[in-house]
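In: Turn this into a model:
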Amino acid sequence: MAFLSFVGRVLFVSVFVFSAYQEFNDFGVDGGSAATALTPKFNVLSKHFTTYTGFQLPDFEIKFLVAGAIALKALGSFLFVFGSTIGATLLILHQLIATPLLYDFYNYDVEKKELLQLFIKFTQSLALLGALLFFIGMKNSIPRRSSTTKKAAKTKTV
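Out: Next up is the predicted model:
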């Protein structure tokens, strides 16, 4: 059973590993195509944030956001394969930041065909997030093994 759990974690993490590998190979000097695609989406999010909160997000280069996403996916995946809740937490953090930013279906009209494609990807990303939360929940519900053995209680004889 432990082997099947390991194989399942490896298959689950393959989504994040392949994505991080592809973004790393494409990164270049400017952050690659991921930074190019993310820049207008981040600008829209920044404007919404400023409009609704009154605070302005600090200016920074998007390539640092892409590099952070690569690092979160790589480190989180490595730790998650070995059953670490820290790895699952890093992947959850990535999903919470990346999902509403990348799959911004809420910025499109209902008639646009991009809306359906983005909504499908958004729900798939939510499914990955749900699986990670389920993993942490199951990991915390299983009692931990104690390194000390309990001594059998002796009965008193009268």
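
In: Can you classify Thr157 as helix, strand or coil?
Out: coil (DSSP: H, G, I helix; E, B strand; the rest coil).

In: I'd like the distance between it and Val13.
Out: Distance, Thr157 to Val13, by CB to CB, to the nearest Å: 57 Å. In this view, the C-beta of every residue, glycine as well, is placed from N, C-alpha and C.

In: so which strand or helix has Asn140?
Out: helix 113-141 (DSSP states H and E).

In: do the same with Thr99
Out: Here Thr99 is assigned to helix 85-102, by DSSP H and E.

In: For that helix, name the packing helices and strands.
Out: With contacts taken as 3 or more CB pairs under 8 Å, 6 or more residues apart in numbering; DSSP states H and E, helix 85-102 sits against helix 32-53, helix 62-81, helix 113-141.

In: can you pull the buried residues of it?
Out: 87-88, 90-92, 94-95, 98-99, 102 (16 or more other CB atoms under 10 Å).
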